[in-house]
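J.: give the three-dimensional model of this entry:
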Amino acid sequence: MTKKFWNDWQKRIGETKNIYLAHIITNPNNGCTYYYSVLSNVYGDDKILKTSFHGDTVDLIIERHGWANGHHIVENEYLTLNRVDIETVEF
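T.: Coordinates of the predicted model:
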């Protein structure tokens, strides 16, 4: 993520729908880029509860929704991301 987009995102954090990290996988035939979605909407609506920006890193508290043994569960996940590892943010 560029520094300009990083600074813009800090002003629009409340509009964030998803964060994508790029993973480049290289094999003998070609290199493919896969995007890892930080927020999942498979079991419910994961959402960002809190963000703290520190230079080129961001600390996130994410409310995760899921299912276990037939019960809906909600857990908080604490995650730190580096600016250069983020491919893009969806608003």
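
J.: following element in sequence after the lowest-mean-pLDDT helix or strand in the chain, please.
T.: One helix or strand of the chain scores below all others by mean pLDDT, DSSP states H and E: strand 31-37, with a mean of 70. Using DSSP states H and E, the helix or strand that follows strand 31-37 in sequence is strand 47-54.

J.: for that next one, give me every contacting residue.
T.: Residues outside strand 47-54 that contact it (Cβ atoms under 8 Å, 6 or more residues apart in numbering): 10, 13, 16, 39, 58-63, 76. Yep, even glycine has a C-beta here, placed from its N, CA and C like the rest.

J.: equivalent analysis for stretch 11-18, please.
T.: Outside stretch 11-18, the residues that reach it (Cβ under 8 Å, 6+ apart) are 9, 37-39, 48, 51, 89-91.

J.: export the residues you listed to a markdown table and append columns for distance to residue 82.
T.: As requested, the contacts of stretch 11-18 are arranged in a markdown table below (distance: Cβ to Cβ, whole Å):
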| residue | distance to residue 82 |
| --- | --- |
| 9 | 14 |
| 37 | 17 |
| 38 | 13 |
| 39 | 17 |
| 48 | 17 |
| 51 | 14 |
| 89 | 14 |
| 90 | 19 |
| 91 | 20 |
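
J.: that older thread, out of the contacts of strand 47-54, who's nearest residue 85?
T.: Proximity of the contacts of strand 47-54 to residue 85 (Cβ to Cβ) peaks at residue 58, which lies at 10.3 Å.

J.: what sits against that closest one?
T.: Going by Cβ under 8 Å, 6+ apart, residue 58 touches 51-52, 80-81, 83.

J.: just the element for it, please.
T.: strand 57-68.

J.: relative to strand 47-54, how tilted is that strand?
T.: Inter-element angle recorded for strand 57-68 and strand 47-54: 160 degrees (by axes from the mean of the first three to the mean of the last three Cα atoms, to 10 degrees).

J.: just checking: what are the partner strands of strand 57-68?
T.: Paired with strand 57-68 in the same sheet, following DSSP bridges, are strand 47-54 (antiparallel), strand 71-82 (antiparallel).

J.: that's all I had, so thanks and see you.
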